[in-house]
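Novice: sequence-free structure coming up:
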């Protein structure tokens, strides 16, 4: 095997290795995996050196997507494929133009990562490596193997979430003479493989990464796999596997390999929900022992405590709540795309616009939906009272008395500027001649719907000078997700269990809305959990998958097709112009059942005659 690897791998793919930075109070410094040599030629040479072996492993990590970057499977990329965003140009799903020729292609990149992991595991035990000369050389090899094994399984997990079941290649490092005509494995085979590999990896990776000489946490290792990370990802895998899209979905009856082999589960297995609940609770309990907790800020004013908790979670709260972190992330681009022109500086792109339908999902301060009896929601008229640091007097009543996450996540007409403002400006004006409007058609940097995303932005940042910038990582998984995973799985497997309200209410009360009390039937609780997940996890890459796995893309609460609206940003002359506050159609989206899974790139199908295209394409 090693002969073939050496023969056909003559140039190491390391030039794009990016470091895991050291997160310290003083900012990001160079640390582990920061650089890679450019002159290595063979596999043997790589695995003779501890440094280069580590660099190779860094290359496996490096195919993981940047959470906040502008890409197809990041927070923005997935959000624009759902009802979370309404961009100036419709996505290929919204436009109904998604085909195997215009597919979202991370398929090739993830399989390249799988191959890198396989090469690494096939060679890390090379007796010539100087890893064995290290005082803890055997333990290092075990740890590195566990990391690569987990990452390989995780890349498969990302593949099947998007495309359905794929081809499992196992440990084999393919030779150019190998047979590449392979059929898809079934969904169950993929899930079982992923879970088995993750469990095996868990036994190899450490509880935490520490400095050998002192035993203190080694911040230079932030983002590397630990047992808690493995458990947390398994919670997600099992939750999805239990969900209606993948668990007894008759819609996939004709999704078969060329030999007639059924690829999806057509008979539901209710016991999967209990397994998902157990996995989530294991991860939660482990997180607690590791000192993880929901991030909360104290304040005499409960409203301010909630807003600051939700807002600060992404700036500094990740150290409390974050479980799997990515230290290098393009959050600055996200902020610039969220910035109205009222913010200081020229990088105010104002493109992350959300539709009215997403705005309407946010509750009132009393915890009720806006269309619920007793919500006190008012859509007409304007408030005579400003709310300091949130909105000015004259703001529409539809934005008054909303839940704290609304003010932390949404920039609306009359709201305070989400960054350091231009001199003399205090609030955002989205009508045509306002400070952030379309200037009667001459300005392109304005929100299509009259709303911008405010989540994961820093009010202290000056976009002109970058003063006040808070350097922070992104969270692949956080404790809040595990709470919601647990509540959902428990409601499906053991409705009425007291833990459902305990963990759901922990999310609600941190967000500043009242705890739910009383007894709820399973269907009602399901709706409450799904709404909570929609709000709490907005723009973190979940909504795309959630509406699909729940099979609610055509239901009112998860509708992905039809007309979407916003404010009438092309009319009005002042903050209290009633013509501006008319719900106006901004797009009509096409939704087809086949969009529950994405098509494989047709170029890949053309290479492998035994691999069928995703059902419906």
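Specialist: In hand now; what should we look at? Small disclaimer: the values here were computed from a predicted structure and weren't measured.
Novice: which other residues reach stretch 294-312?
Specialist: Applying C-beta atoms under 8 Å, 6 or more residues apart in numbering, the set of residues contacting stretch 294-312 from outside is 313, 317-318, 320-321, 365, 390, 404-405, 407-409, 459, 479-480, 483, 506-507, 510-513. In short, each C-beta sits where N, CA and C put it, glycine included.
Novice: Out of the helices and strands in the protein, which is least certain?
Specialist: Here the helix or strand of the chain ranked lowest by mean pLDDT, DSSP states H and E is strand 22-24, holding a mean of 30.
Novice: Give me the next element, helix or strand, following the longest helix along the chain.
Specialist: Identified as the longest helix of the chain according to DSSP state H is helix 137-163. Remark: after helix 137-163, the chain's next helix or strand is helix 187-202, criterion DSSP states H and E.
Novice: helices and strands around that next one, which ones?
Specialist: If you count contacts as 3 or more C-beta pairs under 8 Å, 6 or more residues apart in numbering; DSSP states H and E, helix 187-202 packs onto helix 137-163, helix 227-242.
Novice: Now mean neighbour count and distance to residue 197 too, for those, in TSV please.
Specialist: Shown next, in TSV, are the helices and strands packed on helix 187-202 (neighbours: other C-beta atoms under 10 Å; distance: least, C-beta to C-beta, whole Å):
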stretch	mean neighbour count	distance to residue 197
helix 137-163	22	4
helix 227-242	24	10
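Novice: What segments of the stretch 201-350 of the chain are strands?
Specialist: In the stretch 201-350 of the chain, the strands defined using DSSP state E, counting those that start in this stretch lie at 322-326.
Novice: what are the ranges of the helices in it?
Specialist: Using DSSP state H, counting those that start in this stretch, the helices of the stretch 201-350 of the chain run over 227-242, 271-289, 302-312, 318-321, 331-338.
Novice: Deepest-packed of these, please.
Specialist: Across the helices of the stretch 201-350 of the chain, the average number of neighbours (mean count of other C-beta atoms under 10 Å) peaks for helix 227-242, which reaches a mean of 24.
Novice: roughly how far out does it sit from the chain middle?
Specialist: Offset of helix 227-242 from its chain centre (C-alpha atoms, centre = their mean, to the nearest Å): 14 Å.
Novice: One more: stretch 548-558?
Specialist: Stretch 548-558 sits 19 Å away from the centroid of its parent chain (C-alpha atoms, centre = their mean).
Novice: circling back to that earlier point, among the helices and strands packed on helix 187-202, which is nearest residue 604?
Specialist: Closest of the helices and strands packed on helix 187-202 to residue 604 is helix 137-163, at 9.8 Å (criterion: C-beta to C-beta).
Novice: Just want the angle from the closest one to strand 322-326.
Specialist: Helix 137-163 and strand 322-326 meet at an angle of 90 degrees, taking axes from the mean of the first three to the mean of the last three C-alpha atoms, to 10 degrees as the criterion.
Novice: and the angle for helix 137-163 with helix 187-202?
Specialist: For helix 137-163 against helix 187-202, the angle by the same axes, to 10 degrees is 160 degrees.
Novice: same question for helix 137-163, mean pLDDT?
Specialist: If you average the pLDDT over helix 137-163, you get 96.
Novice: how much space between the closest residue to residue 399 other than its chain neighbours and residue 536?
Specialist: Counting by C-beta to C-beta, 6 or more residues apart in numbering, the nearest residue to residue 399 once its immediate chain neighbours are dropped is residue 412, at 5.3 Å. According to C-beta to C-beta, to the nearest Å, residue 412 and residue 536 sit 20 Å apart.
Novice: quick one, which of those two is more surrounded?
Specialist: Taking other C-beta atoms under 10 Å, residue 412 and residue 536 do not tie; residue 412 has more neighbours (25 against 21).
Novice: isn't the more buried one right next to residue 447, touching?
Specialist: No - Residue 412 lies out of contact with residue 447 (C-beta atoms under 8 Å); the separation is 9.4 Å.
Novice: Next, show the common contact partners of these two.
Specialist: residue 430.
Novice: residue contacts, the nearest residue to residue 102 once chain neighbours are set aside?
Specialist: Leaving aside its chain neighbours, residue 102 sits nearest to residue 92 (5.5 Å; criterion: C-beta to C-beta, 6+ apart). Counting by C-beta under 8 Å, 6+ apart, residue 92 touches 98, 102, 104.
Novice: wait, the first one sits on residue 597?
Specialist: No - taking C-beta under 8 Å as the definition, residue 98 is not a contact partner of residue 597, at 10.8 Å.
Novice: And the helices in the stretch 451-600 of the chain?
Specialist: 479-493, 498-510, 522-536, 543-549.
Novice: Contacts only, for the nearest residue to residue 479 once chain neighbours are set aside.
Specialist: Closest residue to residue 479 apart from its sequence neighbours, by C-beta to C-beta, 6+ apart: residue 321 at 4.7 Å. Applying C-beta under 8 Å, 6+ apart to residue 321 gives the contacts 292-295, 313, 475, 478-480.
Novice: Rebuild these as JSON lines, extending it with distance to residue 542 and pLDDT.
Specialist: Formatted as JSON lines, the contacts of residue 321 follow (distance: C-beta to C-beta, whole Å; pLDDT from 0 to 100):
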{"residue": "292", "distance to residue 542": "19", "pLDDT": "98"}
{"residue": "293", "distance to residue 542": "21", "pLDDT": "98"}
{"residue": "294", "distance to residue 542": "17", "pLDDT": "98"}
{"residue": "295", "distance to residue 542": "18", "pLDDT": "98"}
{"residue": "313", "distance to residue 542": "15", "pLDDT": "98"}
{"residue": "475", "distance to residue 542": "12", "pLDDT": "97"}
{"residue": "478", "distance to residue 542": "11", "pLDDT": "98"}
{"residue": "479", "distance to residue 542": "15", "pLDDT": "98"}
{"residue": "480", "distance to residue 542": "11", "pLDDT": "98"}
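Novice: Filter those residues down to the buried ones.
Specialist: The neighbour-count test (16 or more other C-beta atoms under 10 Å) marks 292, 294-295, 313, 475, 478-480 as buried among these.
Novice: for the residues you listed, which one is nearest residue 581?
Specialist: Looking across those and measuring by C-beta to C-beta, the closest to residue 581 is residue 313, at 30.7 Å.
Novice: For that closest one, which residues are in contact?
Specialist: Residue 313 is in contact with 295, 321, 478, counting by C-beta under 8 Å, 6+ apart.
Novice: give me phi/psi at it?
Specialist: As for residue 313, its main-chain torsions (degrees, to the nearest 10) stand at phi -50, psi -40.
Novice: That one and residue 456, how far apart?
Specialist: For residue 313, the distance to residue 456 equals 9 Å [C-beta to C-beta].
Novice: can you check residue 385 too?
Specialist: As judged by C-beta to C-beta, residue 385 and residue 456 stand 29 Å apart.
Novice: before we move on, what about residue 538?
Specialist: For residue 538, the distance to residue 456 equals 10 Å [C-beta to C-beta].
Novice: What of residue 500?
Specialist: Distance, residue 500 to residue 456, using C-beta to C-beta: 28 Å.
Novice: try residue 563
Specialist: To residue 456, residue 563 is 28 Å away according to C-beta to C-beta.
Novice: Tell me which of those two has more neighbours.
Specialist: Between residue 563 and residue 456, residue 456 has the larger neighbour count (other C-beta under 10 Å), namely 23 against 13.
Novice: Now do the contacts for that one.
Specialist: Per C-beta under 8 Å, 6+ apart, neighbours of residue 456: 68, 314, 331, 334-335, 338, 539.
Novice: before we move on, what about residue 235?
Specialist: Residue 235 neighbours (C-beta under 8 Å, 6+ apart): 276, 279-280, 282-283, 482, 485-486.
Novice: do the same with residue 218
Specialist: Residue 218 touches 209-211, counting by C-beta under 8 Å, 6+ apart.
Novice: what do you get for residue 511?
Specialist: 306, 309-310, 403-405, 535-536.
Novice: can you name the two of the residues you listed that are farthest apart?
Specialist: The largest separation in the contacts of residue 511, counting by C-beta to C-beta, is between 309 and 535 at 14.1 Å.
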